[in-house]
Every structure is written in C-alpha cells, then in structure tokens.
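> The following comprises the amino acid sequence and a computationally predicted model.
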Amino acid sequence: MELKEEFIEKLKSAKSIVFFTGAGISAESGIPTFRGKDGIWNKLKPEELANFNAFLRNPDMVWEWYQYRRQIIHDTKPNAGHFAMAEFEKYFDDVTVVTQNVDNLHRRAGSSNVFELHGNIERNYCIDCSEPYYIKSDEESLPKCKICGGLIRPDVVWFGEMLPQEAFAKSEKAAADSDICIIAGTSAVVYPAAYIPLTARDAGSYLVEINVAPTEISGLVNYSVRGKSGEVVPAILEAVKEMKK
C-alpha cells in the first residue's frame, strides 16, 4: 500500500501516537456493531437494554443480553489491526489507544496503554457498594454482591450516563500531546468521545482517518485512507519498520 509522502515524513519525526478506535475495528473481528442477528434481541432496540432504568426494571433480561454479548466477544480474537497497534509500541516513545469499544480486544492484542471511554464488558461492579467483580461469560443467572447483596451490573457506559472522567481526561491529554492521531473504524459522531480527535487537531496533531467510507470527520483530517483497519494499520506499521531500520 502506497502511503502519502507527507504522512511518511510525519511518522519519521513523531514521538507520540494516539489511536482513536470505534466499532469498525471490532466488526472486522466478527463482533456485531451493537446487536447480533439473533431474533430475540433484534426485537429490542439497544437503548431499551443498555440503560440503568431498564436494568432496574428487568435486571435478569439485561444481564442475559450482556452475557450473550460477552460470549460473542469471548469467542472472538483480535485482528491484524489490533495487533499492529500494539506493535507500534516498539517503535515510538508514547503510544496510546483511546477506544469507544468495550470488548477488551486491544488489551488482548497486547496494547499496554488503553483508555476505554465506554467501559469494559469483562468488568462488573455492584450498583450499591461498587465492589468490582469478574464474571465468566457462561454464567447465565444474575449474581448478587457477596458483600451487600446488591445487583451487579456490567462496567460499561449506558445511554444517559457520563463517561469515566479519569479515562476521558487522560485521553484528552494524550490527544493534545500527540504528534499523530490515527482515527480507525469510527465515524467519530458519538459525543463526548468524539471530542478526542478534535482535541488532537486543535493542538496541532496530524490527523489520519482509516475507514471504508467517508465520514463526518473526513473533511477535518489531514489524510484519509479508504480501507479496513486490519489492512491499513499493518501497512503503516510496515512503513514504520522500514524507516526505523
């Protein structure tokens, strides 16, 4: 893959890289963008399940849906895009992954500096005392907190909830400090997460978009590459390896 010469020159001098990722990179691993094709879940809108009031009204149903999603993720592997992002750490002083995904695939691929703006589906906590829990994907029944007996919910951001403030603040700082911000597999329209690439741009970072189709952010970036993250990011990595020899 031939990359823009201007981008190659930016890579040569860059010390700090931020990857901002969304559902597209997970879809390349086979994870549905929000709902699977199973008939039972197609009858319900995501916002009818992924919100706190729905959990209080019918915790068993919401829990079952998340266990269904966890099982899909458990059976899925990171793709070449995930692994390439992790390998960037060998060649640059500072590499950060800021993701809107909750599937933990970046960590499983080996990335060590990951900020999860929408949480992590593998984590859970008690809604009453905040005790954290790790629960296997094949445990179907809704567990109760061993300390206070409260309901245990997934540690993800539901509709109407705030982003985790520490992760968001660190993501903003990483974006502001970056030399290059690579936006992969996201249309960057879900706010406030979508402020991250804008923060990078306003601070003078070089913005690269990787997507199979134009998005609302395409007109704001320095360089758009049409293609899948699992193909383009490894190609960029190969270019980095050549220049670092």
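Right, received. Where do you want to start?
> For the rest of this, base every contact and every neighbour count on C-alpha atoms.
Will do.
> so which strand or helix has the residue nearest to residue 243 when sequence neighbours are not counted?
Counting by CA to CA, 6 or more residues apart in numbering, the nearest residue to residue 243 once its immediate chain neighbours are dropped is residue 12, at 7.1 Å. For residue 12, the host element (DSSP states H and E) is helix 5-13.
> Who are the packing partners of the following helix or strand past that helix?
Remark: after helix 5-13, the chain's next helix or strand is strand 16-21, criterion DSSP H and E. Counting contacts by 3 or more CA pairs under 8 Å, 6 or more residues apart in numbering; DSSP states H and E, strand 16-21 packs against strand 94-99, helix 165-177, strand 180-184.
> Worst mean pLDDT across the helices and strands of the chain, which element?
Here the helix or strand of the chain ranked lowest by mean pLDDT, DSSP states H and E is helix 39-42, holding a mean of 52.
> could you dump the next helix or strand after that one to CSV, C-alpha only?
Using DSSP H and E, the helix or strand that follows helix 39-42 in sequence is helix 46-49. What follows is helix 46-49, C-alpha atoms only, in CSV (Å, rounded to 0.1, in the frame of the first residue of the first chain):
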residue,chain,number,x,y,z
PRO,A,46,-30.2,-1.2,22.2
GLU,A,47,-31.3,1.8,24.2
GLU,A,48,-34.1,-0.4,25.6
LEU,A,49,-31.5,-2.7,27.2
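> Can you name the element that comes right after helix 46-49?
Remark: after helix 46-49, the chain's next helix or strand is helix 52-57, criterion DSSP H and E.
> Flag every buried residue along that next one.
By 16 or more other CA atoms under 10 Å, the buried positions in helix 52-57 come out as 52, 55.
> Domains in this protein, by residue range?
Per automatic domain parsing, the structural domains of the chain span 1-31+78-118+163-245, 36-75+121-156.
> out of those domains, deepest packed?
Most buried of the domains of the chain, by mean neighbour count (mean count of other CA atoms under 10 Å): domain 1-31+78-118+163-245, with a mean of 19.
> end to end, how far does that one reach?
19 Å (CA to CA, to the nearest Å).
> Just the mean pLDDT for it, thanks.
Mean pLDDT, computed over domain 1-31+78-118+163-245, is 96.
> what ranges do the helices span in this protein?
Using DSSP state H, the helices of the chain run over 5-13, 23-27, 39-42, 46-49, 52-57, 59-74, 80-87, 105-109, 165-177, 195-202, 229-243.
> top strand in the chain by residue count?
Determined from DSSP state E, the single longest strand within the chain is strand 119-126.
> now the angle from it to helix 59-74?
Angle of strand 119-126 versus helix 59-74, following axes from the mean of the first three to the mean of the last three CA atoms, to 10 degrees, is 140 degrees.
> Can you name the residues in contact with strand 119-126?
For strand 119-126, contacts defined as CA atoms under 8 Å, 6 or more residues apart in numbering pick out 66, 70, 101-104, 131-135, 144-145, 150-157, 164.
> The residue nearest to residue 243 touches residue 245, doesn't it?
No. Contact criterion CA atoms under 8 Å: residue 12 and residue 245 do not qualify, at 11.6 Å.
> circling back: JSON lines for the helices of the chain, including distance to residue 121?
Listed next are the helices of the chain as JSON lines, based on distance: least, CA to CA, whole Å:
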{"stretch": "helix 5-13", "distance to residue 121": "33"}
{"stretch": "helix 23-27", "distance to residue 121": "13"}
{"stretch": "helix 39-42", "distance to residue 121": "18"}
{"stretch": "helix 46-49", "distance to residue 121": "14"}
{"stretch": "helix 52-57", "distance to residue 121": "15"}
{"stretch": "helix 59-74", "distance to residue 121": "7"}
{"stretch": "helix 80-87", "distance to residue 121": "17"}
{"stretch": "helix 105-109", "distance to residue 121": "11"}
{"stretch": "helix 165-177", "distance to residue 121": "16"}
{"stretch": "helix 195-202", "distance to residue 121": "22"}
{"stretch": "helix 229-243", "distance to residue 121": "22"}
